[in-house]
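**Student:** 3D model of this:
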Amino acid sequence: MPPLRAMAGSLRRLASEEIDRQQARLALWLPVFMGAGAVWYLSLTAEPPGWIAPLAGLLAGAAAWTARRTLSLLAPAMAFAFLAAGFASADWRTAQVTAPVIVKPISYAMVSGTLLSRTATASGGERLLIAPHEVGRLTADEMPARLRITVRTQIDGALPGDVIRLPAGLLPPPGPAAPGAFDFSRQAFFREIGAVGYALGKVEVEESWPGGFAACLEFCVSRLRVKLTHRIVDALPAPRGAVAAALMTGDRGGIPEDILQDLRDAGLAHLLAISGLHMALFAGTLFWGVRAALALVPGLALTAPIKKWAAALALAGAAGYLLVSGASVATQRAFVMFALIFIAVLTDRPAITLRNVALAALIILLLTPEAVMEASFQMSFAAAAALVAFYEGARGWVTRLSQAAVERGWAARGALYLGGIALTSIVASLATFPFAAFHFNRVVDFGLVANLAALPLVGFIVMPAALVAFILMPLGLEALPLWVAGQGIHAILWVAHQVASWPGAVSLLPAMPQTTLAAMALGGLWMVIWAGRLRWAGVLGPMIGIVLAVTAPVPVMLVEREAKLVGLRLPDGTLTLSSSRSGSFSGEVWLRRDADRRDVGEAAGAFSCDGQGCVRDHPLLGTVSLARNWQAAMEDCQQADILVTPLYMPRRCAAPLIIDRGVLSRRGAQALYLEEGGHGDGGQRLRLRVIAACDLIGDRPWSHCAPRKSWDPGPYFRRKGG
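**Tutor:** Down below sits the predicted model:
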């Protein structure tokens with residue numbers, strides 16, 4: 001017994017010491033729990049009762065107040081409180097943005113409304129965001145709060161705040177192309193977009209912006225942003241102008257698709273998302289420039305706090321850049337971070353800490369909790385937190401290396417700068433890898449090389465020139481600095497094209513389950529937040545995530561949400577598609593999620609098709625038919641094992657498994673999984689698991705889901721000929 005008591009006492013002592021060591025970092029978990037609460041709410045498959053969030057908040061607050069004097073009780077009470085706060089914030093935000101969404105396509109409608117924003121598209125057109133006053137025959141109760149309409153050509157004269165009129169065809173915001181795929185309808189819901197579509201005629205300005213103080217608060221920045229974008233694009237040849245506009249005003253729509261693809265494949269697409277790098281270069285250049293200019297004034301540096309003056313001006317400049325660049329989630333995060341840095345300078349406090357990252361996350365989660373589900377939020381904060389944690393831990397040897405480089409001259413300083421870029425790229429790439437793999441099914445293999453070549457161009461040429469161009473624009477003298485920025489952009493695009501053309505520049509990864517991302521993210525957070533040896537337990541997260549990804553089942557069949565396309569998995573493991581044209585967007589998504597490099601045209605052709613539909617015999621599923629008209633559908637009722645059709649089928653149809661218009665309109669895109677042990681030999685019952693998009697997203701305010709009917713596809717069916 002004495003040895004056991006001694007061992008227990010040692011364990012208690014070690015645990016107590018570890019708790020004391022980590023106590024200062026407990027607060028860093030608060031935004032994690034708040035984000036988890038938002039994810040919890042957004043992932044529910046049914047809307048919770050309205051009283052749950054307030055009650056949970058009250059209970060959590062009461063528990064935290066009661067336990068405020070005891071750390072062992074306060075920590076879990078605060079975790080519960082912030083979990084409830086995240087849940088309540090997402091619930092409140094949903095109620096705040098709820099607005100009508102059209103439920104059926106509208107082939108033609110005259111639209112009149114206030115233009116909120118306009119951005120270029122890669123095809124040479126524009127994408128308009130409109131607050132409608134009139135939409136065809138829709139009543140006021142049916143009218144969406146916002147419409148997103150694509151115009152195929154550039155429009156003249158219309159600016160945000162103007163009332164415009166145009167004919168358009170409208171569609172409900174589409175749901176996922178496959179169960180578990182990106183849900184555009186949720187993103188559109190939180191942006192209050194109730195319909196998307198295309199212009200069918202000329203855009204006319206019915207009423208110009210009236211001006212005035214109240215109107216200026218809403219539209220002045222948007223109008224300025226459009227004008228600045230046009231000046232930048234007009235000053236530089238394509239595609240440099242479009243890339244410069246993306247870096248300066250956040251309008252990325254005009255960048256040609258081939259340029260975008262080169263930047264993605266080279267690992268440089270992050271340069272187009274205005275984030276910490278851009279804010280650091282913009283606000284940092286402004287800070288050091290103002291401070292240097294003030295230092296030149298005789299006696300001022302000795303008698304006045306010029307560092308604080310420079311910080312105040314840099315903070316104002318960063319706020320202006322935030323507004324002009326469109327205030328995306330990544331830009332908001334970067335601004336909050338740098339605002340805290342400059343406030344720390346003004347108040348003589350430490351500037352760059354994980355607490356600042358945590359505070360930035362709390363602010364964004366409080367204002368826009370839905371951002372936690374989006375790639376921009378996840379990747380931005382993952383990179384920021386990992387970099388701050390890494391350099392906090394490496395501060396000692398980084399300081400020593402910096403001092404040694406200063407003593408050894410410019411060559412050593414240059415090597416240190418490139419080494420810093422390399423380290424930053426490696427740390428950021430590792431931190432964002434799970435999110436890039438989950439959302440985009442791809443990872444870049446030569447991003448380090450591309451970033452080593454491109455980041456000095458951004459830091460020393462492009463962003464400083466862009467800052468000078470902004471300063472000189474009121475005088476009409478921006479041409480020269482924009483030309484300088486254009487030369488740097490030209491060099492960056494050359495680097496991107498060269499690296500993207502290397503064999504093996506991009507590796508594709510199959511779709512991973514959400515549990516994989518959760519395990520990897522939790523492991524990463526564990527390693528970032530905790531200090532000392534405890535943090536290395538977080539390595540288990542990625543390991544568990546890899547196991548979950550490798551063992552995840554793959555669908556044996558996929559059905560597009562309007563029955564335009566069917567995908568079948570062949571015995572060799574590849575997907576074959578029923579068409580190269582109908583439902584091609586869904587086909588692209590399916591192939592990408594399957595880590596398949598083929599395009600839709602290459603993946604089609606294995607079905608036997610005619611004007612009435614397509615058919616394919618499958619060794620496990622039997623005869624799979626896509627019937628496009630009534631005659632073919634009724635014939636296939638007797639012959640097919642699985643019948644897919646855009647028509648409503650009567651219940652007397654004898655096909656064992658029917659996926660018709662009613663099923664798809666209620667439940668969305670379908671995926672069929674062959675369960676272990678199931679096969680279709682000799683009429684034996686084939687065990688299939690049928691998962692619809694609505695099974696995962698549920699009946700939520702942003703979904704177009706209806707309750708499952710008793711005759712909807714179930715998990716089992718028997719092949720013909722049994």
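**Student:** quick one: low-confidence parts of this protein?
**Tutor:** Scanning the chain for pLDDT under 70 picks out 1-20, 67-72, 212-215, 217, 350-351, 676-686, 709-722.
**Student:** From Gln154, how far out is Arg533?
**Tutor:** 60 Å (Cβ to Cβ, to the nearest Å). Quick note: C-beta positions are derived from backbone N, CA and C, even for glycine.
**Student:** So for these two, which sits in the more crowded spot?
**Tutor:** Gln154 (13 against 9; other Cβ atoms under 10 Å).
**Student:** can you tell me which residues contact the more buried one?
**Tutor:** The contact partners of Gln154, by Cβ atoms under 8 Å, 6 or more residues apart in numbering, come to Ala120, Gly124, Gly125, Glu126.
**Student:** run the last query once more with 7 Å
**Tutor:** Gly124, Glu126 (Cβ atoms under 7 Å, 6 or more residues apart in numbering).
**Student:** isn't there a helix covering it?
**Tutor:** No: looking at Gln154 with DSSP: H, G, I helix; E, B strand; the rest coil, it is coil, so not inside a helix.
**Student:** mind checking the longest helix of the chain?
**Tutor:** helix 410-440 (DSSP state H).
**Student:** if you go through the stretch 101-250 of the chain in chain order, where are the helices?
**Tutor:** Using DSSP state H, counting those that start in this stretch, the helices of the stretch 101-250 of the chain run over 184-190, 213-235, 240-249.
**Student:** Go through those and name the closest to Ala603.
**Tutor:** Closest to Ala603 of these, according to Cβ to Cβ: helix 184-190, at 22.6 Å.
**Student:** mind listing what's buried in that closest one?
**Tutor:** Across helix 184-190, burial judged by 16 or more other Cβ atoms under 10 Å covers Phe184, Ser185, Arg186, Ala188, Phe189, Phe190.
**Student:** repeat for stretch 240-250
**Tutor:** Arg240, Gly241, Ala242, Val243, Ala244, Ala245, Ala246, Leu247, Met248, Thr249, Gly250.
**Student:** ok, the second one - contacts?
**Tutor:** Contacts for Gly241 were tallied using Cβ under 7 Å, 6+ apart; they are Ile232, Val233, Ala235.
**Student:** ok, and the closest non-adjacent residue to the last one?
**Tutor:** The reference is to Ala235. Distances taken as Cβ to Cβ, 6 or more residues apart in numbering place Leu482 nearest to Ala235, at 4.7 Å, with adjacent residues excluded.
**Student:** how many neighbours does the one you found have?
**Tutor:** 24.
**Student:** Please tell me how far it sits from Leu247.
**Tutor:** Leu482 is 11 Å from Leu247, by Cβ to Cβ.
**Student:** Next: Gly486.
**Tutor:** From Gly486 across to Leu247, the span is 11 Å (Cβ to Cβ).
**Student:** Kindly report the same for Pro172.
**Tutor:** The spacing between Pro172 and Leu247, counted by Cβ to Cβ, is 34 Å.
**Student:** Just confirm the residue nearest to Ala235 contacts Leu236, I think it does.
**Tutor:** Yes: assessed by Cβ atoms under 7 Å, Leu482 is found in contact with Leu236 at 5.9 Å.
**Student:** Need the residues touching each of the two.
**Tutor:** Listed contacts common to Leu482 and Leu236 are Ala244; contacts here mean Cβ under 7 Å, 6+ apart.
**Student:** residues in contact with Gly532?
**Tutor:** The contact partners of Gly532, taken as Cβ under 7 Å, 6+ apart, are Arg21.
**Student:** repeat that with 10 Å
**Tutor:** Glu18, Arg21, Gln22, Arg25, Gly393 (Cβ atoms under 10 Å, 6 or more residues apart in numbering).
**Student:** ok, now Phe377?
**Tutor:** Contact analysis of Phe377 by Cβ under 10 Å, 6+ apart lists 35, 328-330, 332-333, 361, 364-365, 368-371, 435.
**Student:** now the angle from the helix or strand harbouring it to helix 410-440?
**Tutor:** Remark: Phe377 resides in helix 375-393, with elements defined by DSSP states H and E. Orientation of helix 375-393 against helix 410-440 (axes from the mean of the first three to the mean of the last three Cα atoms, to 10 degrees) gives an angle of 140 degrees.
**Student:** Could you list the buried residues of helix 375-393?
**Tutor:** By neighbour count with 16+ other Cβ under 10 Å, helix 375-393 contains the buried residues 375-390.
**Student:** quick one: the strands in the stretch 451-600 of the chain?
**Tutor:** Using DSSP state E, counting those that start in this stretch, the strands found in the stretch 451-600 of the chain span residues 506-508, 557-559, 566-569, 575-577.
**Student:** among these, which is the most enclosed?
**Tutor:** Scoring these by mean neighbour count under mean count of other Cβ atoms under 10 Å gives strand 557-559 as the most buried, with a mean of 26.
**Student:** Parallel or antiparallel, list what pairs with that strand.
**Tutor:** Strand pairing for strand 557-559, using DSSP bridges, gives strand 566-569 (antiparallel), strand 670-674 (antiparallel).
**Student:** quick one: which of those strands is nearest Val528?
**Tutor:** strand 670-674 (34.5 Å).
**Student:** coming back round to it: closest one to Ala519 out of the buried residues of helix 184-190, please.
**Tutor:** Nearest to Ala519 among the buried residues of helix 184-190, with distances taken as Cβ to Cβ, is Arg186, at 22.9 Å.
**Student:** tell me the contacts of the closest one?
**Tutor:** With Cβ under 10 Å, 6+ apart, Arg186 has these contacts: Leu42, Pro173, Gly175, Pro176, Glu370, Met373, Glu374, Ile697, Arg700, Pro701, Trp702, Ser703.
**Student:** Return the members of the residues you listed classed as buried.
**Tutor:** Leu42, Pro173, Gly175, Pro176, Glu370, Met373, Glu374, Ile697, Arg700, Trp702, Ser703.
**Student:** can you put those in TSV and add distance to Ile529?
**Tutor:** Below are those laid out as TSV (distance: Cβ to Cβ, whole Å):
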residue	distance to Ile529
Leu42	23
Pro173	36
Gly175	35
Pro176	32
Glu370	24
Met373	21
Glu374	22
Ile697	31
Arg700	31
Trp702	32
Ser703	34
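**Student:** Okay, strands next: where are they in the stretch 201-350 of the chain?
**Tutor:** With DSSP E, counting those that start in this stretch as the criterion, the stretch 201-350 of the chain has strands spanning 204-207.
**Student:** Please enumerate the shared neighbours of Leu482 and Leu247.
**Tutor:** Common contact partners of Leu482 and Leu247 (Cβ under 10 Å, 6+ apart): Ile232, Ala466, Ile489.
**Student:** Sort out which one of those residues lies nearest Pro167 for me.
**Tutor:** Among the shared contacts of Leu482 and Leu247, Ile232 lies closest to Pro167 (Cβ to Cβ), at 31.1 Å.
**Student:** Surely the closest one and Val324 touch.
**Tutor:** No: if you go by Cβ atoms under 10 Å, Ile232 and Val324 don't touch, sitting 11.0 Å apart.
**Student:** about what we covered before: Ser112 is nearest to which of the helices of the stretch 101-250 of the chain?
**Tutor:** helix 213-235 (17.3 Å).
**Student:** any chance of the buried residues of stretch 240-250 in a markdown table, with distance to Ser584 too?
**Tutor:** Shown next, in a markdown table, are those (distance: Cβ to Cβ, whole Å):
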| residue | distance to Ser584 |
| --- | --- |
| Arg240 | 31 |
| Gly241 | 30 |
| Ala242 | 25 |
| Val243 | 28 |
| Ala244 | 32 |
| Ala245 | 29 |
| Ala246 | 27 |
| Leu247 | 32 |
| Met248 | 34 |
| Thr249 | 32 |
| Gly250 | 29 |
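**Student:** which among these gets closest to Leu416?
**Tutor:** Nearest to Leu416 out of those is Leu247 (Cβ to Cβ; 26.0 Å).
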